[in-house]
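Participant: I would like to see how this sequence folds:
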Amino acid sequence: MQKIIKDGAIVTDDWVRLPLAEDGTVANVPQDSDVIVPLAAWLAEPQRWQSRVGRTAVWLAPDDDPAKLAASLDRLPLVAVDFPAFADGRGYSIGRLLRERYNYAGELRALGDVGQDQLHYLWQVGFNAFEIKPSQNIELALQALARFSERYQATFREPEPLFRRRVTGE
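Facilitator: Below is the predicted model:
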């Protein structure tokens, strides 16, 4: 089992990510394991995924619309957002939309090409779990979360910008 960063600690990941087959279905689904399925699979057969013994989560590609998941968010313990390339920032917007517009309160995981230099910014928009790419040291990545003591902009974590926090004494 791989290790991830979740809520500021390194933990063992118990979830299995299931890709879509060429025919658009998900095959070989273990019934008692916790699985993460693509949005297309969830939307095609929501009853199938909700009736499993194991828990089911959904992962969103950068071009997926999080609004399609809005009605199901209260039943999902985890939503994962794929970052296929370092330069693809659409996942940041998806994460912030899930937290702020759709009030998603469960685990929000960044996966794919996720490196330590992105963690602080991902955390600021609402991600609380990170699947670090294999080429990076997970312990160093965890330390990266604590690198910045102040943030200037308003974010999901700190809705007031720094100048307002300074004026009010926070």
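Participant: and the pLDDT for the residue nearest to the spatial centre of the chain?
Facilitator: Closest residue to the average C-alpha location of the chain: Arg109 at 2.1 Å, with C-alpha atoms, centre = their mean. We have a pLDDT of 98 for Arg109.
Participant: what's the host helix or strand of it packed up against?
Facilitator: Secondary structure from DSSP states H and E places Arg109 in strand 107-112. Helices and strands touching strand 107-112, by 3 or more C-beta pairs under 8 Å, 6 or more residues apart in numbering; DSSP states H and E, are strand 3-6, strand 78-83, helix 90-96, strand 129-130. (C-beta placed from N, C-alpha, C; glycine too.)
Participant: so which of the ones you listed comes closest to Ser33?
Facilitator: strand 78-83 (13.2 Å; C-beta to C-beta).
Participant: related to what we said a few turns ago, report the mean confidence score over the very next helix or strand once past the strand holding Arg109.
Facilitator: Per DSSP H and E, the first helix or strand lying C-terminal to strand 107-112 is helix 116-124. The average pLDDT within helix 116-124 is 89.
Participant: one more: stretch 21-29?
Facilitator: 75.
Participant: could you dump that stretch to CSV, C-alpha only?
Facilitator: What follows is stretch 21-29 as a C-alpha-only set of coordinates in CSV (Å, rounded to 0.1, in the frame of the first residue of the first chain):
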residue,chain,number,x,y,z
ALA,A,21,-11.7,0.4,-19.6
GLU,A,22,-11.7,1.1,-23.3
ASP,A,23,-15.4,0.3,-23.4
GLY,A,24,-16.1,3.0,-20.8
THR,A,25,-16.8,0.6,-17.9
VAL,A,26,-15.0,-0.3,-14.8
ALA,A,27,-14.1,-4.0,-14.5
ASN,A,28,-12.8,-6.2,-11.7
VAL,A,29,-14.3,-4.2,-8.9
